[in-house]
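1. sequence first, predicted model second:
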Amino acid sequence: MKTHSVFGVLFFAGLAPILAGEAAPPTLLPWRERLREAIARATAQNPDLAAMEFRIEAARRRARQADALPDPEIEAGIKDVPVASPSLSRSDFTMEMLTGRQSFPAPGKRATKTASAQAQAEGAGAMHARDAVMLAADIADTFFELADLDRRLEILEESRERLKRAASSATERYKVGKGAQADVLRANLETTSLEDRLLALRAERRARAARFNALQNLPADASVSPIGPVEPVAVASDARALLARAEEESPPIAVARANLRHAEEEAKLARLEARPDWTAMAYYARRERFEDLAGASVSVNLPFAHPRRLAERRAESDAEVSSARAELSAALNRLRREIEEASAGLERNVEQERLFRTSILPQAEINLRAAQEAYAVGQVDFLTFVRAALDLDNYQSELAMRTAGIGRAVASLQRASGLPLIEGTPKPGERHVEK
């Protein structure tokens, strides 16, 4: 991991002035409210999360019954009835019997089964937290992608109107002999090209809107109003601190650790299988013409009579433990790699957004004004003026992509770390699905 600071956490708390060091307004932004509502709706209506919450409840119930004794047994029967001439009173051996049995596992087995079941319940809870974090990240990613598309569509609409005015001006200049026919053709060509780009972006937005709706369990063709301007603000955070927190709190790591604990408890249980279980039995026998009888006994099983089975069982459980340890190590390696990649992507988007906003875009605006003024007095041709206008549109679109890219990069960082970095993301252990 890098030791220098990277832009690691996104706080939805302000407008562009914050990037310049100004204080954030106290009220929430409309887009922030809308994103939080979308996450809440998605997590409340998502059928996968609902199924996972029921599985968690089932795992918890399973853990509570793991230390229970085996079910007692009651047996009723008739013993030693004469075959040739059945009778309950002719033979003093004939009796009506009622027998009760209760088995008792060897010491340590019940506690180990309970610990194993609890590890499974913890793993189910961690998987639920992971799925909720991933769902919120997917919602945020699609939300910012829609915001990017909306802004780019707005820019293209403005550019189309600008080119229409330029085409009209070029036509008038051509009519009075001050312009060339090529200028008119060029303006019309660029206008048509923008129409094609608008059609492509609208189709892309429709597809993203369908995904946004589906994540919220809404009809795919439901209308999604324009997002409007978004200004996510990144705050510098040490990558090592973020990684350390993720290693302790990340649900995927918690799942891997729970699986390891479950495997270790199962390995312990495999070794405890060599301990004999025992069964207590008592009976009462009623006879018709003779004295009633009663008795009791204790029996034990002999698992060590099959040493090969026990040895293979222990080897199997040891292999499961080794596999779980390897999976935990792989999960940690994957966590470190994905956090580093997501952090690098976030840092790149923040730096590029700042570069476009503070340097490139102002220069493009100056270039357009200069080209417009020069074209008005005949110092540059129409193509130069159009190119300056299109360059400004492209840079504005790039700025919109970088601004939305910050939010999307944080969504990637949330996926990578498993931490609830985006406001509105459910915290681990929260139950939020509507029943």
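-> In hand now; what should we look at?
2. and the strands in the stretch 1-150 of the chain?
-> Secondary structure of the stretch 1-150 of the chain (DSSP state E, counting those that start in this stretch): strands located at 5-11, 73-79, 95-104.
3. touching the longest one from outside, list them.
-> Judged by CB atoms under 8 Å, 6 or more residues apart in numbering, the contacts made with strand 95-104 from elsewhere in the structure are 69-70, 72-80, 88, 277-287, 292-293. Yep, even glycine has a C-beta here, placed from its N, CA and C like the rest.
4. coming back round to it: residue 120 is nearest to which of the strands of the stretch 1-150 of the chain?
-> strand 95-104 (23.8 Å; CB to CB).
5. so what strands line up beside that closest one?
-> As defined by DSSP bridges, the strand partners of strand 95-104 come to strand 73-79 (antiparallel), strand 278-286 (antiparallel).
6. could I get those strands as a markdown table with mean pLDDT?
-> Conversion of those to a markdown table gives the following (pLDDT from 0 to 100):
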| stretch | mean pLDDT |
| --- | --- |
| strand 73-79 | 93 |
| strand 278-286 | 94 |
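7. most packed of these?
-> Greatest average neighbour count among the strands paired with strand 95-104 goes to strand 278-286 (a mean of 15), per mean count of other CB atoms under 10 Å.
8. please save the CA atoms from that one in CSV.
-> The C-alpha coordinates for strand 278-286 follow below in CSV (Å, rounded to 0.1, in the frame of the first residue of the first chain):
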residue,chain,number,x,y,z
TRP,A,278,-23.4,-42.9,26.8
THR,A,279,-27.1,-43.8,27.1
ALA,A,280,-29.1,-44.3,30.3
MET,A,281,-32.1,-46.7,30.2
ALA,A,282,-34.8,-47.6,32.7
TYR,A,283,-37.8,-49.9,32.3
TYR,A,284,-40.9,-51.1,34.1
ALA,A,285,-42.5,-54.5,33.4
ARG,A,286,-46.0,-55.5,34.4
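9. elements contacting the helix or strand that it is followed by?
-> Using DSSP states H and E, the helix or strand that directly follows strand 278-286 along the chain is strand 293-300. Under the contact criterion of 3 or more CB pairs under 8 Å, 6 or more residues apart in numbering; DSSP states H and E, strand 293-300 touches strand 278-286.
10. and the strand it packs on with strand 293-300, angle?
-> With axes from the mean of the first three to the mean of the last three CA atoms, to 10 degrees as the criterion, the two stretches strand 278-286 and strand 293-300 enclose an angle of 170 degrees.
11. can you tell me the closest non-neighbouring residue to the residue nearest to the spatial centre of the chain?
-> The centre of the chain sits closest to residue 134, judged by CA atoms, centre = their mean, with a distance of 1.5 Å. Beyond its immediate neighbours in the sequence, the residue positioned closest to residue 134 (CB to CB, 6 or more residues apart in numbering) is residue 415, lying 5.9 Å away.
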